[in-house]
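S.K.: The sequence and its predicted three-dimensional model are supplied below.
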Amino acid sequence: MTLLMFSGDYDKAMVALILANTARDMNIEVTIFFAFWGLFLLRDPEKVTSEDKTSYEKMFSLMTPKGPEELPLSKMNFSGLGKQMLLGMMKDDEAPKLIDFLEGARKKGVKFYGCKLSMEIMGFKKEELLPELEVVTANDYIEEAMNSQIQLFI
Amino acid sequence: MTLLMFSGDYDKAMVALILANTARDMNIEVTIFFAFWGLFLLRDPEKVTSEDKTSYEKMFSLMTPKGPEELPLSKMNFSGLGKQMLLGMMKDDEAPKLIDFLEGARKKGVKFYGCKLSMEIMGFKKEELLPELEVVTANDYIEEAMNSQIQLFI
Amino acid sequence: MTLLMFSGDYDKAMVALILANTARDMNIEVTIFFAFWGLFLLRDPEKVTSEDKTSYEKMFSLMTPKGPEELPLSKMNFSGLGKQMLLGMMKDDEAPKLIDFLEGARKKGVKFYGCKLSMEIMGFKKEELLPELEVVTANDYIEEAMNSQIQLFI
């Protein structure tokens, strides 16, 4: 299974990671290719840097979500209120949080690929993101996708 | 064909159902797996209940679209104005409405799967949704998708 | 590879066209099926017409983006400010613009399909769009997708 994670939304990231974890439990190989806003999910809030960045990149880095728990909802975010409601409902059901699904995916051996071009444009350094991230090109994604049975753009 | 219907938008639901109907006419098996906001499409406005729901779930149930015709557009919704414009253009062309495509899909034997975890989190009961809905897990979706020739995340 | 380009966003169109160009460079056949908002990408700003259009279609034609460079971002558009930031970062990196990727796709022989139903509803005439566009039905898309190794809904 190869997921192209383009979106930087809490709810979409949750679906992607639930699918990735479930597929790994079924012994299916999983690669997630993070591009554009999807890279926000992999940011480590402790390692945000503005070194070697242009002014646009610095501004962008500051204005955008730093890591999984800061991601907004794709819908009904209402400046965070909708997200609080969703988190509240998840807590009532004792459902794991996004960060737990991310940890699960790391432990279960999901492959994390980051889009080189997106990282260059947005000015993200490898050190600011998840340590196991491999930086690859669109070419690498397509090769991987050609050999996958499930491909989704999320 | 296996569609993962995540979005709760009128226009995206329309595309999903047009694809589903067309594929059935071509004698292709079709499953739609409804997760998160996608479940709104399957709500029966007559059967909304707040029984056995937490306060968050009650609030959520009230604030969200009840059935196909209440879904907003993914873009240019302009508090409903954009949707009226689209509906107006559709009427001028005598194009069927979303609810007609949904009825078509039911008659043509599209399989409706609902994501168990999403239903638990959002507090939707089986009785509030389309009667033919089967409640399944991410595991069931992946098995189905592995054996499909077309998989889309909508 | 068969892409269903539903969205009319600058960033999503960029991903779609980068994938299309890369796949063509790898000698993979590529078809992009443009539906709904995706058709905005193919509008020629010089050929916008209001002839033979209903009032809704005229209004719609005026209010929506005319061609690739007018598309908004899917996120953080901030009435155009976010897009300027992204374009600024792209310029700093000497990355090509959306219109360059579109030209590339045309030269490399990507097949452009336009959804007949969407064009009828939105009132777009063939002459207003990219000259190589072939107008096809959902049926044609599904046939093409059934024979593709990669299918994405963007």
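M.R.: That came through, no problem.

S.K.: so how far is chain B from the residue of chain A most remote from its centre?
M.R.: Most distant from the centre of chain A: A:Asp92, at 24.9 Å, with distances by C-alpha atoms, centre = their mean. According to C-beta to the nearest C-beta, to the nearest Å, A:Asp92 stands 5 Å off from chain B. The C-beta positions use only the backbone N, C-alpha and C, and glycine is treated the same way.

S.K.: So in chain A, which helix runs the longest?
M.R.: Using DSSP state H, we find that the single longest helix of chain A is helix A:10-25.

S.K.: Mind jotting down where the strands sit in chain A?
M.R.: Along chain A, the segments classed as strands by DSSP state E run A:2-5, A:31-34, A:111-115, A:134-136, A:151-153.

S.K.: Put together JSON lines for those, with distance to chain C, mean neighbour count and mean pLDDT on each row.
M.R.: As requested, the strands of chain A are exported to JSON lines (distance: least, C-beta to the nearest C-beta, whole Å; neighbours: other C-beta atoms under 10 Å in any protein chain shown; pLDDT from 0 to 100):
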{"stretch": "strand A:2-5", "distance to chain C": "7", "mean neighbour count": "26", "mean pLDDT": "98"}
{"stretch": "strand A:31-34", "distance to chain C": "10", "mean neighbour count": "24", "mean pLDDT": "98"}
{"stretch": "strand A:111-115", "distance to chain C": "9", "mean neighbour count": "22", "mean pLDDT": "98"}
{"stretch": "strand A:134-136", "distance to chain C": "12", "mean neighbour count": "15", "mean pLDDT": "98"}
{"stretch": "strand A:151-153", "distance to chain C": "4", "mean neighbour count": "25", "mean pLDDT": "98"}
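
S.K.: what about the nearest residue to the residue farthest from the centre of chain A once chain neighbours are set aside, how many residues close to it?
M.R.: Closest residue to A:Asp92 apart from its sequence neighbours, by C-beta to C-beta, 6 or more residues apart in numbering or on different chains: B:Thr54 at 5.1 Å. By other C-beta atoms under 10 Å in any protein chain shown, the residues close to B:Thr54 number 14.

S.K.: Contact partners for B:Thr54?
M.R.: A:Met89, A:Asp92, B:Gly123 (C-beta atoms under 8 Å, 6 or more residues apart in numbering or on different chains).

S.K.: what's A:Lys12 in contact with, if anything?
M.R.: Applying C-beta under 8 Å, 6+ apart, we find A:Lys12 in contact with A:Met5, A:Ser74, A:Ile154, B:Phe6.

S.K.: For the first one, name its beta-bridge partners.
M.R.: A:Met5 forms beta bridges with A:Phe34, as assigned by DSSP bridges.

S.K.: near chain B, which residues of chain A show up?
M.R.: Contacts of chain A with chain B, taken as C-beta under 8 Å from any C-beta of the partner chain, map to A:1, A:11-12, A:15, A:18-19, A:22-23, A:25-26, A:28, A:74-76, A:85-86, A:88-90, A:92-93, A:95, A:149-154.

S.K.: re the thing from before, from A:Lys97, how far off is the residue nearest to A:Asp92?
M.R.: Using C-beta to C-beta, to the nearest Å, B:Thr54 is found at 18 Å from A:Lys97.

S.K.: Who are the contact partners of the residue nearest the centre of chain A?
M.R.: Per C-alpha atoms, centre = their mean, the C-alpha nearest to the average position across chain A is that of A:Leu41, at 3.5 Å. For A:Leu41, the contact set (C-beta under 8 Å, 6+ apart) comprises A:Met5, A:Gly8, A:Ala13, A:Phe34, A:Gly67, A:Pro68, A:Leu71, A:Leu102.

S.K.: rerun that using 7 Å as the cut-off
M.R.: The contact partners of A:Leu41, by C-beta atoms under 7 Å, 6 or more residues apart in numbering or on different chains, come to A:Gly8, A:Ala13, A:Phe34, A:Pro68, A:Leu71.

S.K.: repeat for A:Ala13
M.R.: Going by C-beta under 7 Å, 6+ apart, A:Ala13 touches A:Leu41, A:Pro68, A:Leu71, A:Leu98.

S.K.: Find the nearest non-adjacent residue to the last one, please.
M.R.: Taking C-beta to C-beta, 6+ apart, and ignoring the residues beside it in sequence, A:Leu98 has A:Pro68 as its nearest neighbour in space, at 4.6 Å.

S.K.: Kindly confirm whether my reading is correct that A:Ser148 touches A:Leu4.
M.R.: No. Counting by C-beta atoms under 7 Å, A:Ser148 does not reach A:Leu4; the two are 10.7 Å apart.

S.K.: Kindly state the beta-bridge partners for A:Lys111.
M.R.: Residues in beta-bridge contact with A:Lys111 (DSSP bridges): A:Thr31.

S.K.: so it sits right up against A:Phe34, yeah?
M.R.: No. Applying C-beta under 7 Å as the test, A:Lys111 and A:Phe34 come out as separate, 11.0 Å apart.

S.K.: For chain A, which residues are neighbours of chain C?
M.R.: Residues of chain A that fall close to chain C, judged by C-beta under 7 Å from any C-beta of the partner chain: A:4, A:6, A:8, A:35-37, A:54, A:56-57, A:59-60, A:117, A:120-123, A:138-139, A:142, A:145-146, A:151, A:153.

S.K.: Just those: which are in helices?
M.R.: A:56-57, A:59-60, A:117, A:120-122, A:138-139, A:142, A:145-146.

S.K.: Just the buried subset of those, please.
M.R.: Buried by 16 or more other C-beta atoms under 10 Å in any protein chain shown: A:Tyr56, A:Glu57, A:Met59, A:Phe60, A:Leu117, A:Glu120, A:Ile121, A:Met122, A:Ala138, A:Ile142, A:Ala145, out of these.

S.K.: Rebuild those residues as a markdown table, extending it with pLDDT.
M.R.: Below are these laid out as a markdown table (pLDDT from 0 to 100):
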| residue | pLDDT |
| --- | --- |
| A:Tyr56 | 92 |
| A:Glu57 | 94 |
| A:Met59 | 91 |
| A:Phe60 | 92 |
| A:Leu117 | 96 |
| A:Glu120 | 96 |
| A:Ile121 | 95 |
| A:Met122 | 94 |
| A:Ala138 | 98 |
| A:Ile142 | 98 |
| A:Ala145 | 98 |
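
S.K.: between those, which is nearest chain B?
M.R.: A:Ala145 (11.7 Å; C-beta to the nearest C-beta).

S.K.: rewinding a little: highest neighbour count among the contacts of A:Ala13?
M.R.: Going by other C-beta under 10 Å, A:Leu41 tops the contacts of A:Ala13 with 28 neighbours.

S.K.: Distance of that one relative to chain C?
M.R.: 13 Å.

S.K.: which residues touch stretch A:126-134?
M.R.: By C-beta under 7 Å, 6+ apart, stretch A:126-134 touches A:Leu39, A:Leu42, A:Arg43, A:Asp44, A:Lys47, A:Val48, A:Thr49, A:Arg106, A:Phe112, A:Tyr113, A:Gly114, A:Val135.

S.K.: Is the third one in contact with A:Thr64, as I believe?
M.R.: Okay, so that is A:Arg43. No. Here A:Arg43 does not reach A:Thr64: they are 8.3 Å apart, not a contact under C-beta under 7 Å.
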